[in-house]
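Peer 1: Structure for the following, please:
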Amino acid sequence: MVNSIGNTTMSNMKAMYVMGDSTVDCGENTLFFPFLLNNLSLHPCDGPASSILPYLLAKKIGLPYPIPFYSQNGSAEVLSRGVNLGSTGATIMSNPVNPVLQSLNQQLRQAFEIFQLLQLELGQDIANDFIESSTVFYLSFGKDDYIDLFRSNSANSPRSDAETLSRILVDQMTNAIEYLYGSSVRKFVLMGILPLGCVPRFVHSTNDSKSGSQSGGDNGDGVVCAPEINNFVLEYNAFLEQRVVRLNMELAGAQLIFCDVYRAMMEIINNPDTYGIENVKNACCGTGEGNGIRGCMSINMACEDPSTYVWWDLFNPGHLVSSLIADSAWSGQPLPDICRPSPIQKLVSS
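Peer 2: Alright, predicted model coming up:
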């Protein structure tokens, strides 16, 4: 466990820094979260029931879960243990409809504030060496950009529009990586977007006997994912992985990994019995049809056994699914080749 810059972990990593959206934040970094989003996940960000992937991965690395940005006191002692800059509802592009919600650029500014504070307290050379050799940056964005798009009923746009949007979002992510690289960051984990066409909020039922596919998904009881939504996600993920491959060649000394959360979740959704899953359609906790219309407002609303559900609430997977993804991202098992070009375990030990 890391307690100061001078200590080490089995993986040589001393801190994880997290940037992202609701995939990395339970609301701790989102001011007035329940009022802004009318949605309480109520899943703890830490502890045995956590379904937050970076928490599960930090534990595997041997690191404490990064402290929320708004809880840190600005001291090098605290900042050097890792910080979670992520915020529920955060988007890659600035959100003109709700400017209170964070964007990628706002979190970048916070990251640079941390770099500056470390340099002031430790000296520039020591701080830069710490960032370069002892930290890993975990970025998980895009989910809320597409949720906003789908909620505005714009998901039926031509494929060319989907490709344009995906390229714009990936270009912004690339700029962020290059900025962080310029501040000595060398190890990156880039998370793809989960299959939003399969979340309880957007999933639909059909009597057609469709078979599961990359953009569909049928668990055998008539629950079919929305391919028009998943196609947008697939487009983004493909471009992001291509960019990761390119940046690994262009940025000297950098190590970037792309983790295909979409592929992992589709494997679970299409083969639920293999993983002890009984319900791939409904949320464990929420209201409305399939518990997927509004978020979980009280723990008393939750299903009796969350481990048998893919989804915790209308947009987020539950603990069992997140644990399977974390195990696979870390070691390559039980779902192989989720993170490419290597599992996270190899990244942090090199």
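Peer 1: and the nearest residue to residue 192 once chain neighbours are set aside, what does it touch?
Peer 2: Leaving aside its chain neighbours, residue 192 sits nearest to residue 237 (4.1 Å; criterion: C-beta to C-beta, 6 or more residues apart in numbering). For glycine as for every other residue, the C-beta is placed from the backbone atoms N, C-alpha and C. Neighbour list for residue 237: 192-193, 260, 262 [criterion: C-beta atoms under 8 Å, 6 or more residues apart in numbering].
Peer 1: Just the element for residue 175, please.
Peer 2: Element membership for residue 175 (DSSP states H and E) is helix 159-182.
Peer 1: that older thread, of the contacts of residue 237, which is the nearest to residue 130?
Peer 2: Nearest to residue 130 among these, counting by C-beta to C-beta, is residue 192 at 28.6 Å.
Peer 1: okay, now that closest one: neighbour count?
Peer 2: Applying other C-beta atoms under 10 Å, we find 25 residues neighbouring residue 192.
Peer 1: what do you get for residue 164?
Peer 2: 13.
Peer 1: Can I get stretch 55-73 in CSV, CA atoms only?
Peer 2: Only the C-alpha atoms of stretch 55-73 are listed here, as CSV (Å, rounded to 0.1, in the frame of the first residue of the first chain):
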residue,chain,number,x,y,z
TYR,A,55,-11.5,1.2,-7.6
LEU,A,56,-11.3,-2.5,-8.4
LEU,A,57,-8.2,-2.1,-10.5
ALA,A,58,-6.4,0.2,-7.9
LYS,A,59,-6.9,-2.6,-5.4
LYS,A,60,-5.3,-5.1,-7.8
ILE,A,61,-2.3,-2.8,-8.3
GLY,A,62,-1.9,-2.4,-4.6
LEU,A,63,-3.0,1.2,-4.4
PRO,A,64,-5.5,3.0,-2.3
TYR,A,65,-8.5,4.3,-4.2
PRO,A,66,-7.8,7.8,-5.5
ILE,A,67,-9.2,10.5,-3.3
PRO,A,68,-12.0,12.6,-4.9
PHE,A,69,-10.5,15.9,-6.2
TYR,A,70,-12.8,18.0,-4.1
SER,A,71,-11.8,16.1,-0.9
GLN,A,72,-8.0,16.7,-1.2
ASN,A,73,-6.2,19.4,0.7
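Peer 1: Now that stretch: buried residues?
Peer 2: Applying a neighbour-count criterion of 16 or more other C-beta atoms under 10 Å, one finds 55-58, 60-69, 72 buried in stretch 55-73.
Peer 1: try stretch 165-179
Peer 2: Going by neighbour count (16+ other C-beta under 10 Å), the buried part of stretch 165-179 is 165-166, 169-170, 172-174, 176-177.
Peer 1: for the stretch 101-250 of the chain, what spans make up the helices?
Peer 2: For the stretch 101-250 of the chain, helices defined by DSSP state H, counting those that start in this stretch occupy the ranges 104-122, 124-134, 143-151, 159-182, 227-250.
Peer 1: Now render the ones you listed as CSV, adding distance to residue 274 and mean pLDDT.
Peer 2: Below are these laid out as CSV (distance: least, C-beta to C-beta, whole Å; pLDDT from 0 to 100):
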stretch, distance to residue 274, mean pLDDT
helix 104-122, 36, 95
helix 124-134, 38, 96
helix 143-151, 25, 86
helix 159-182, 31, 89
helix 227-250, 21, 95
